[in-house]
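Trainee: here's my sequence, what's the structure:
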Amino acid sequence: AAPKPILCLVCEEVLLKKTDSVLAESIISKLIRYLRWILSHFDPNHRGLHSWRNQDESITLEISKPELATADLTALLLNEIECFERILLITETESEMPKDLLTMQNQLKSNLKNLFWNHDKQDFSNAFIRGEPTSIKGYNSILPMLCNTFIHNLRTIMLERLKNGEIKDNSINVSTW
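Mentor: Numbering: from 1, shown residues only. The predicted structure follows:
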């Protein structure tokens, strides 16, 4: 099983506390390799649709079907690229985001907006098992709100639905928002 895609997030937090541009520069190439590997791991056929490879990787134990493409995984991968982008800003060199990662970032944003957003339910409950559409509920459909480049009007809709009690799940406690 692959680790949860949060390595760039952790690195960014450490670098924000230490503000060490030398350390940031020393990990850039390693993070690029990691990003390319993790993106390839969750999409080995390079179809542009990332899916959980086995049940030990998924965030929610109830959702454990292999090859299940969900909005939460897409959001985590997008967040990793966004964190890496902010790490590049910490370095004192003129490092640029590799073109393949920029392309993937745009693909992930497009997937969130066009594939996973369920217009009828007004959430990210659309999912795909081996390319076939299905639906999920719970925490997985809310996680994309954590992305910084999230489409803001969708975030507002989701927050209103949480406040009004429309989205209910044992794992969601509105008071923690």
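
Trainee: any low-confidence regions in the chain?
Mentor: 59-64, 138-143, 145-155, 158, 161-162, 165-177 (pLDDT under 70).

Trainee: strands of that one, residue ranges please.
Mentor: Applying DSSP state E to the chain gives strands spanning 68-69, 126-129, 132-135.

Trainee: what does the shortest one contact?
Mentor: Spelled out, that is strand 68-69. Residues from elsewhere that reach strand 68-69, judged by C-beta atoms under 8 Å, 6 or more residues apart in numbering: Leu49, His50, Ser51, Trp52, Ser58, Leu115, Ala127, Phe128, Ile129, Thr134. Heads up, the C-betas are built off the backbone N, CA and C, glycines and all.

Trainee: of those, which pair is most distant in space?
Mentor: Ser58 and Leu115 (18.0 Å; C-beta to C-beta).

Trainee: those two: which is more packed in?
Mentor: Ser58 (21 against 18; other C-beta atoms under 10 Å).

Trainee: I'd say the more buried one and Trp52 touch.
Mentor: Yes. With contact defined as C-beta atoms under 8 Å, Ser58 counts as touching Trp52 (4.8 Å).

Trainee: and the helix ranked longest in the chain, what does it pack onto?
Mentor: With secondary structure taken from DSSP state H, the chain has its longest helix at helix 21-42. Packing partners of helix 21-42 (3 or more C-beta pairs under 8 Å, 6 or more residues apart in numbering; DSSP states H and E): helix 7-18, helix 71-90, helix 99-110.

Trainee: who are the packing partners of the longest one?
Mentor: Based on contacts counted as 3+ C-beta pairs under 8 Å, 6+ apart, the elements that helix 71-90 packs against are helix 7-18, helix 21-42, helix 99-110.

Trainee: kindly recompute the last result at 10 Å.
Mentor: helix 7-18, helix 21-42, helix 99-110, strand 126-129 (3 or more C-beta pairs under 10 Å, 6 or more residues apart in numbering; DSSP states H and E).

Trainee: just the CA coordinates for the first one, please, in CSV.
Mentor: In other words, helix 7-18. Provided in CSV are the C-alpha atoms of helix 7-18 (Å, rounded to 0.1, in the frame of the first residue of the first chain):
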residue,chain,number,x,y,z
LEU,A,7,4.4,14.2,2.4
CYS,A,8,4.5,17.6,0.7
LEU,A,9,2.0,19.0,3.2
VAL,A,10,4.2,17.9,6.1
CYS,A,11,7.4,19.3,4.4
GLU,A,12,5.7,22.6,3.9
GLU,A,13,4.7,22.8,7.6
VAL,A,14,8.2,22.0,8.7
LEU,A,15,9.7,24.6,6.3
LEU,A,16,7.2,27.2,7.5
LYS,A,17,8.4,26.7,11.0
LYS,A,18,12.1,26.5,10.2
